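Colleague: Next input, structure requested:
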Amino acid sequence: MNRKLFATVAAAAFTAPAVAGGPSAGIALFDEMIPFFGPGITDFSTPGIGDFYADMGLTISSNETLWLGNGVSQGDAGNFDIEGTNGPAFLSLWATDPGGTVTFTFDGPVNFLVDLIHTSIAGTADVVCTVTTLRDGLIVDHEIIQIAHVPGDPDGIPFFRQWNNADTFHFQLAPTSKRVLAFDYIEWQHLTCGIADLNNDGRLNFLDVSAYLAEYGNGCN
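Modeller: Next comes the predicted model:
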């Protein structure tokens, strides 16, 4: 490792934001999928479906077929009574036994924002969803989301959530919730810091300076 690289690391540790180096971003609305597959039950394990967004670094998998809804304004296939907040289409996860799951896997660590829409179309209980985020196979965060059912509430209430610095986002809908959870809008930002990110954690900080000093002390040049 040379002095020029050390200067890059050191400068970044003092001046760079948490996510640096011009990270790339992506957005999935699911409206893009309707012209190709149409609304209805869709098997995301099928080649071309689960990797529809692969060129953007995202693949989608599930333990069951998911419903690709087209929204109320486009005919409301499946009678979900949902209209997406960022375009009408959405991806729907059912509360089946032992619990429907959907996993969003990226080709590297990202910050991840999702608009979850819940609906009482299948029952009147609360929505209960377990969210597990991982990076390189290790758990980063584990959270139980409970969205209370309010008698008489309209279907299609958005519920935004963001998780950071992970490459896998696993959602499991509790079978007892007897409701539907829809993914309307997903936005992600890749954490790319370049060669100065010596510990490869997606951030430029004093840990990278320490990593440089350790390698320098070991005679790495």
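Colleague: what does the model give residue 24 for pLDDT?
Modeller: Predicted confidence (pLDDT) for residue 24: 70.
Colleague: Can you get me a residue count around it?
Modeller: Counted with other CB atoms under 10 Å, the neighbours of residue 24 add up to 14. Any C-beta I mention is one placed from the backbone N, CA and C, and that applies to glycine too.
Colleague: repeat for residue 113
Modeller: 16.
Colleague: List the pairing partners of the longest strand seen in the chain within its sheet, with orientation.
Modeller: In the chain, with assignment by DSSP state E, the single longest strand is strand 101-119. Using DSSP bridges, strand 101-119 pairs in its sheet with strand 58-62 (antiparallel), strand 157-173 (antiparallel), strand 180-190 (antiparallel).
Colleague: Report the buried residues of the second one.
Modeller: Yep, that's strand 157-173 we're talking about. Buried residues in strand 157-173, counting neighbours by 16 or more other CB atoms under 10 Å, are found at 157, 163, 164, 165, 166, 167, 168, 169, 170, 171, 172, 173.
Colleague: what mean pLDDT does that strand have?
Modeller: pLDDT averaged over strand 157-173 gives 89.
Colleague: for the helix or strand hosting residue 140, packing partners?
Modeller: Using DSSP states H and E, the element containing residue 140 is strand 138-147. Contacts defined by 3 or more CB pairs under 8 Å, 6 or more residues apart in numbering; DSSP states H and E place strand 138-147 against strand 101-119, strand 127-135, strand 157-173.
Colleague: Can you give me the domain boundaries for this protein?
Modeller: 1-21+194-221, 23-191 (automatic domain parsing).
Colleague: rank the ones you listed by pLDDT, which is bottom?
Modeller: Among these, domain 1-21+194-221 carries the lowest mean pLDDT, at a mean of 51.
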